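# Would you be able to build a 3D model of this:
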Amino acid sequence: MATKGFFTAFNDVWMLDGVRTPMVDYCGALGHISPTDLGIKAAREALQRAGVAASDIGSVVCGNMAPGDFDQFFLPRHIGLYAGVPVEVPAIMAQRICGTGFELFRQAGEHVQGGACEAALVVGTESMTRNPITAFDHRTGFKLGAPVGFKDYMWEALKDPAPGINMIQTAENLAKKYGITREQVDEFAASSFARAVAAQQSGFLAGEIVPVITEKFELDGYKPRGIKLQGKVTEVAQDTHPRPSPVEVLAKLRPVFDGGVQTGGNSSALVDAAAAAVIASGAYAKANGKQPLARIVGAAAVGVPPEIMGIGPAPAIRLLLERTGLKLSDIGRIEINEAQGAQTLAVAKELGLDLAKLNVNGGAIALGHPLAATGVRLTLTVAREMRRAGVKWGISSACVGGGQGMALLLENPAA
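Predicted coordinates:
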């Protein structure tokens, strides 16, 4: 039976290049920076690395989940303008929670394939630190003796009110369904940390990172924006969460829920970051002498039960394979967002994945999961890894809170 879902095929859409900021732990060195400014930084560098003039960009597609300041409404427009994109070029915000970064590629790909533009800029940016403490019920005033309803936006957003459970509990449901033990989850997390540390030490991760420094972003005729690092910090150049984390250490951590498998050590890290990429038509790439990093072959989005939302990548990947005629064995590298360890292992079990091909440079448990930036980061990482490993096909994917999954299929033009 065919997998149900939403599939988009691309015939001649290419990722020219991309980049990301370091992913820095919650309340760390990037914690005071607006997600708009993190996005501008990534966008400017992506254009430079791709060797594309900002004036060639005909569409700006951005993603950001939680507002990091009061001007979030303008985030995609400001990222485009301060990256140098012409004032006539429109910008849009797209949102598919943890699948947002993939959705940016999908929408930009449609813009390019449909002839709306020859090149597009995609930017995902997220400040987990700046998630607000929020109240939604005080516009009409405070009633005598009524509770003052300020809550932590990020913590409350982890709960899906439809099934009445939070995201960690959805992973616990998958652990029970697929017979995944605490020991297996800790082993997987230890491997994620070890791979990330190795990728950091080898310099692979540095190849996709632009260091963040204190700087101004000027825009003629308008107020300047910029980044101001705090204290004595002058540069942030690498991810901060990867560290040696052997199973023996992870095993000592208390589970979030009694008797459960998920802990703070085997779940995705909270980080601040932005990532950006330049998408273009094959005709544009050829005319301008560009050697693209990867071809965007297709995008798939599916729905799954909210209470097991973490299984979403499995049917999304199946839909990609069914509609493109490929087999799982054809895929040389796979990136799946490690929202939680049990969730990723459940997807691997459901598909029969070879773990040796999965998240070979570490995943979100070690590196972090900056919501809207994650899909862009995963897609950039798998494209670079495909090029390094000499494999032809790769997939980036993630589960989505509320019960969805999304995945992109990439082709390595050099393979």
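
# And the residue nearest the centre of the chain?
The centre of the chain sits closest to T374, judged by C-alpha atoms, centre = their mean, with a distance of 0.9 Å.

# Secondary structure element holding E187?
helix 182-202 (DSSP states H and E).

# Show me what the helix or strand following that helix is packed against.
Scanning forward in sequence from helix 182-202 by DSSP H and E, the next helix or strand is strand 212-213. Under the contact definition 3 or more C-beta pairs under 8 Å, 6 or more residues apart in numbering; DSSP states H and E, strand 212-213 sits against strand 235-236. For glycine as for every other residue, the C-beta is placed from the backbone atoms N, C-alpha and C.

# any idea of the mean pLDDT in the helix or strand immediately after the strand it packs on in the chain?
Scanning forward in sequence from strand 235-236 by DSSP H and E, the next helix or strand is helix 247-250. The pLDDT scores in helix 247-250 average 97.

# next one: stretch 276-295
98.

# so how far does that stretch reach from one end to the other?
By C-alpha to C-alpha, to the nearest Å, the extent of stretch 276-295 from end to end equals 16 Å.

# State the pLDDT value of the residue of the chain positioned farthest from its centre.
Note on the chain: the largest C-alpha distance from the chain mean falls to L144, namely 43.8 Å (C-alpha atoms, centre = their mean). Per-residue confidence (pLDDT) for L144: 85.

# all strands of the stretch 301-415 of the chain, in order?
Assigned strands in the stretch 301-415 of the chain, in chain order: 333-336, 393-400, 404-411 (criterion: DSSP state E, counting those that start in this stretch).

# right, and these - which one's nearest A383?
If you check each of the strands of the stretch 301-415 of the chain against A383 by C-beta to C-beta, strand 404-411 wins as the nearest, at 5.6 Å.

# Counting by contacts, list what the closest one packs against.
Strand 404-411 packs on helix 100-113, strand 294-303, helix 313-324, helix 371-389, strand 393-400, going by 3+ C-beta pairs under 8 Å, 6+ apart.

# so which of those gets nearest R254?
R254 lies closest, by C-beta to C-beta, to one member of these: strand 393-400, at 24.2 Å.

# centre of the chain versus the closest one, how much separation?
Chain-centre distance of strand 393-400: 10 Å, with C-alpha atoms, centre = their mean, to the nearest Å.

# Name every strand pairing with that strand and say which way it goes.
Note on strand 393-400: by DSSP bridges, its sheet partners are strand 333-336 (parallel), strand 404-411 (antiparallel).

# List the buried residues for the longest one?
Applying a neighbour-count criterion of 16 or more other C-beta atoms under 10 Å, one finds Q404, G405, M406, A407, L408, L409, L410, E411 buried in strand 404-411.

# Give me the pLDDT for the closest residue in space to R225 that isn't next to it in sequence.
The shortest distance from R225 to any non-neighbouring residue, by C-beta to C-beta, 6 or more residues apart in numbering, is to F217 (4.5 Å). In this model, F217 is scored at 98, pLDDT.

# Neighbours of F217, how many?
20 (other C-beta atoms under 10 Å).
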